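*Asks:* The following comprises the amino acid sequence and a computationally predicted model.
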Amino acid sequence: MSLWGGRFSEKNDPLMHQFNQSLGFDRRMWKADIQGSQVYAQALHRAGILTSEEQTQLVNGLEAVGKEWAAGTFAIQEGDEDIHTANERRLGELVGPVAGKLHTGRSRNDQVATDMRIWLRDEANALLGLLKALIAVATERAEKEIDILMPGYTHLQRAQPIRWSHFLLSHAWSWHADAERLEQLIHRMNALPLGSGALAGNPFNVDREWMAQQLGFHSATPNSLYGVSDRDFVAEFLFWASLTMVHLSRWAEDLIVYCSAEFGFVVLADAYSTGSSLMPQKKNPDSLELIRGKAGRVFGGMTGFMMTVKGLPSTYNKDLQEDKEPMFATLDTLSACLQIAAGTLSTLKTKPEKMKASLSIDMLATDVAEYLVRKGVPFRETHHIAGRAVRLAEDRGVDMSALGVADFKQLHPAFAEDVTDIWDYEVSVNRRSAKGGTSRVTVLEQIESLKEWLGKQG
């Protein structure tokens, strides 16, 4: 029997009945729905609505319903509109009329808001574990491959020499920020709507703070209208996921470029590559391209949901049924992408000799300017002098390192015999020793910082 309909004299149009269904996707929240209902039954007993025997019947009956879901034996019936209807219907079959008391003072409005927060909180914690695993892979590689040098790029043009490990950690720090944002989001979503009723509150004085404690929430939502209508936690999760996918996509794009024949800095493992149906020589970075592509899917889910909620009146409206599918789909996509990213990064091979061969003396032009700064010349002047050195070398068709000391002295008298010490990539990299730089010392500091953070996370 439907949970509603006493004032209706006609049945729904069959198409409307199907249009209204959500069990096809919200069944994923069966465990959260069982947990919330069990605690609500206990709260009703504490409020004097249920006897001890009735409470036990309901709690045990719900446990049996949960076991059927876990075993895959739950039999869905035609009238099961959503996960709440299905569970209550099955509960009634198991324990009889007492099941009808479970919904006392409760609405599907506060019930679904509770289920979603429980479900997303638990799944977000699982995502957090996957994100930390990816950061751990990047940190481990950075430590093992700290002595590999490569070109750093701006505008996709070779700029200055850096460490490969510094490049890896640049992405790891983005993911670290994503992890922090997710932790904050998990805290913000962890407030209990249950006990808000349909919109006006619960008339039976159920102890909402007690229920919050039992269900692992830090508090109960402070306003019943807000409790049933708020979906900021979904919107924020979808935004968080979109930003995280942007970071994964940018990382993927870097590696797609670096594994091309033109660069050849890295080689993807066969396990994360595919071939061409026409060209036998091809090895395509499909794992990375799919991550890059799925960023658009996640972003689309976020923008679609924001358009759904932007004009809704208070409090609950059926439009909010559109909150679950993007939430579920986004979580599935993030989970897959994080695992594929970790697998791809942990198995790719680096080509240090190719990276080193891509370094060029003109990338040390800034070092020329900095050399003069150390001699007391203002940087704005040294920048132009270094530019003239680049042009002189270009005019002669040689690297700057082929210019003689006399050539440099003609550009500025502060140049001395030690100008030839500039042409060492390792020295250049290690000069970037301020916190956050690409020197060996500062990269090791970054690695230790991330390792310490990962250790605290457990």
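*Replies:* Cool, the structure landed.

*Asks:* can you list the domain ranges for the protein.
*Replies:* Annotated domains of the chain cover 14-104, 124-199+221-357, 361-457 [automatic domain parsing].

*Asks:* Of all those domains, which one is nearest Val112?
*Replies:* Between Val112 and these, the shortest separation by C-beta to C-beta is 6.9 Å, and it involves domain 14-104. All C-beta spots, glycine's among them, are computed from the backbone N, C-alpha and C.

*Asks:* How far off centre is that closest one?
*Replies:* Between the centre of domain 14-104 and the centre of its chain there are 32 Å (C-alpha atoms, centre = their mean, to the nearest Å).

*Asks:* What of stretch 407-415?
*Replies:* Computed by C-alpha atoms, centre = their mean, the separation of stretch 407-415 from the middle of its chain amounts to 53 Å.

*Asks:* Let me know the outermost residue of this protein.
*Replies:* In the chain, counting by C-alpha atoms, centre = their mean, Ala406 sits farthest out from the average C-alpha position, at 55.9 Å.

*Asks:* which outside residues touch the helix or strand containing it?
*Replies:* The secondary structure element spanning Ala406 is helix 405-411 (assigned by DSSP states H and E). Under the criterion C-beta atoms under 8 Å, 6 or more residues apart in numbering, residues Ile385, Arg388, Ala389, Leu392, Phe415, Ala416, Glu417, Val419, Thr420 lie in contact with helix 405-411.

*Asks:* Need those residues in TSV (columns: distance to Val267 and neighbour count).
*Replies:* Listed next are the contacts of helix 405-411 as TSV, based on distance: C-beta to C-beta, whole Å; neighbours: other C-beta atoms under 10 Å:
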residue	distance to Val267	neighbour count
Ile385	41	18
Arg388	41	13
Ala389	37	22
Leu392	39	16
Phe415	42	22
Ala416	44	12
Glu417	43	9
Val419	38	22
Thr420	36	13
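
*Asks:* Would you quantify the distance from Ala329 to Ser22?
*Replies:* Distance check for Ala329 against Ser22: by C-beta to C-beta, to the nearest Å, it reads 14 Å.

*Asks:* Ignore what I typed, I meant Arg141.
*Replies:* Separation of Arg141 from Ser22 (C-beta to C-beta) stands at 44 Å.

*Asks:* next one: Leu454
*Replies:* 39 Å.

*Asks:* same deal with Thr221?
*Replies:* From Thr221 over to Ser22 (counting by C-beta to C-beta), the distance is 22 Å.

*Asks:* Which strand or helix spans Gly79?
*Replies:* Assigned by DSSP H and E, Gly79 belongs to neither a helix nor a strand.

*Asks:* right, and it touches Gly92 too?
*Replies:* No: contact criterion C-beta atoms under 8 Å: Gly79 and Gly92 do not qualify, at 11.8 Å.

*Asks:* Which one's more surrounded, those two?
*Replies:* Each of Gly79 and Gly92 has its neighbours counted (other C-beta atoms under 10 Å); Gly92 has more, 16 against 12.

*Asks:* what's the closest non-adjacent residue to that one?
*Replies:* Distances taken as C-beta to C-beta, 6 or more residues apart in numbering put Ala99 closest to Gly92, at 3.8 Å, once the chain neighbours are dropped.

*Asks:* From the contact counts, what lies against the host helix or strand of Val234?
*Replies:* If you go by DSSP H and E, Val234 is part of helix 232-258. Taking 3 or more C-beta pairs under 8 Å, 6 or more residues apart in numbering; DSSP states H and E as contact, the helices and strands that helix 232-258 lies on are helix 108-144, helix 164-189, helix 286-309, helix 324-347.

*Asks:* is it possible to export these to CSV including distance to Val65?
*Replies:* Putting the helices and strands packed on helix 232-258 into CSV (distance: least, C-beta to C-beta, whole Å) gives the following:
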stretch, distance to Val65
helix 108-144, 14
helix 164-189, 25
helix 286-309, 30
helix 324-347, 20
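
*Asks:* Please name whichever of those is nearest to Gln213.
*Replies:* Using C-beta to C-beta, these put helix 108-144 closest to Gln213, at 13.7 Å.

*Asks:* what packs against the helix or strand just after the closest one?
*Replies:* As assigned by DSSP H and E, the chain's next helix or strand after helix 108-144 is strand 149-154. With contacts defined as 3+ C-beta pairs under 8 Å, 6+ apart, the secondary structure elements packing on strand 149-154 are strand 157-163, helix 164-189, helix 352-357, helix 425-431.

*Asks:* For strand 149-154, what is the distance to the chain centroid?
*Replies:* With C-alpha atoms, centre = their mean as the basis, the mean position of strand 149-154 lies at 27 Å from the chain mean.
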